[in-house]
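# sequence first, then the predicted structure, then my questions.
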Amino acid sequence: MTSQVVDLNILGRSLKLNCPVEEIPSLKKAAEDLENRLQELRRKTQIMNSDQLIITAALNISYELTKANQLNNQLSHDYANRLQNLQLMLENTLNSVNLGSDSKKD
């Protein structure tokens, strides 16, 4: 896996990061998203201190990730229950079909 130095600009600060070549577009998109979030947060809150702004944005992003993970876990649990119910329905249906065909043999 080949890495390349990527130059990013966030809040007017230049950052140079090593990144696998195939991940560069995703990293640039993430940096752009972060820059947009920081600018929006600055407009909404009037926070001028960059460190406080970055920490607030990090907390917001972490909160969003936590909520998304909770939703994903809930959906996974719901789908597992649905699959289990479908499997039981299929087994019951197959058993009733097999019982019906067994009685016709007699």
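The structure has been received and is ready for your questions. Note that the structure is a prediction, hence the values are computed from the model and not measured.
# got the domain ranges for the chain?
1-46, 48-106 (automatic domain parsing).
# point out the most buried one among those domains.
Using mean count of other C-beta atoms under 10 Å, the stretch among the domains of the chain with the greatest mean number of neighbours is domain 1-46 (a mean of 12). Just so you know, the C-beta spots here come from the backbone N, C-alpha and C atoms, and that holds for glycine as well.
# endpoints of that domain, how far apart?
End-to-end span of domain 1-46 (C-alpha to C-alpha, to the nearest Å): 42 Å.
# can you put the domains of the chain in a markdown table and add mean pLDDT?
Listed next are these as a markdown table, based on pLDDT from 0 to 100:
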| stretch | mean pLDDT |
| --- | --- |
| domain 1-46 | 96 |
| domain 48-106 | 92 |
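# need phi/psi at the most centrally placed residue in the chain.
The geometric centre of the chain, computed from its C-alpha atoms, lies nearest to Ala68 (C-alpha atoms, centre = their mean), at 6.1 Å. For Ala68, the backbone dihedrals are phi -60, psi -40 (criterion: degrees, to the nearest 10).
# and it, how far is that from Gly100?
Per C-beta to C-beta, to the nearest Å, Ala68 is found 47 Å from Gly100.
# what does Met89 give?
With the distance defined as C-beta to C-beta, Met89 ends up 16 Å from Gly100.
# please apply the same query to Asn9.
Relative to Gly100, Asn9 is positioned 71 Å away (C-beta to C-beta).
# show me where the protein has helices.
With helices called from DSSP state H, the chain shows them at 24-45, 50-105.
# can you list those helices in JSON lines and add distance to Leu17?
As requested, the helices of the chain are exported to JSON lines (distance: least, C-beta to C-beta, whole Å):
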{"stretch": "helix 24-45", "distance to Leu17": "7"}
{"stretch": "helix 50-105", "distance to Leu17": "16"}
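# quick one: which of the ones you listed is nearest Gln4?
helix 24-45 (6.5 Å; C-beta to C-beta).
# quick one: list the elements packing against the closest one.
strand 3-10, strand 13-20, helix 50-105 (3 or more C-beta pairs under 8 Å, 6 or more residues apart in numbering; DSSP states H and E).
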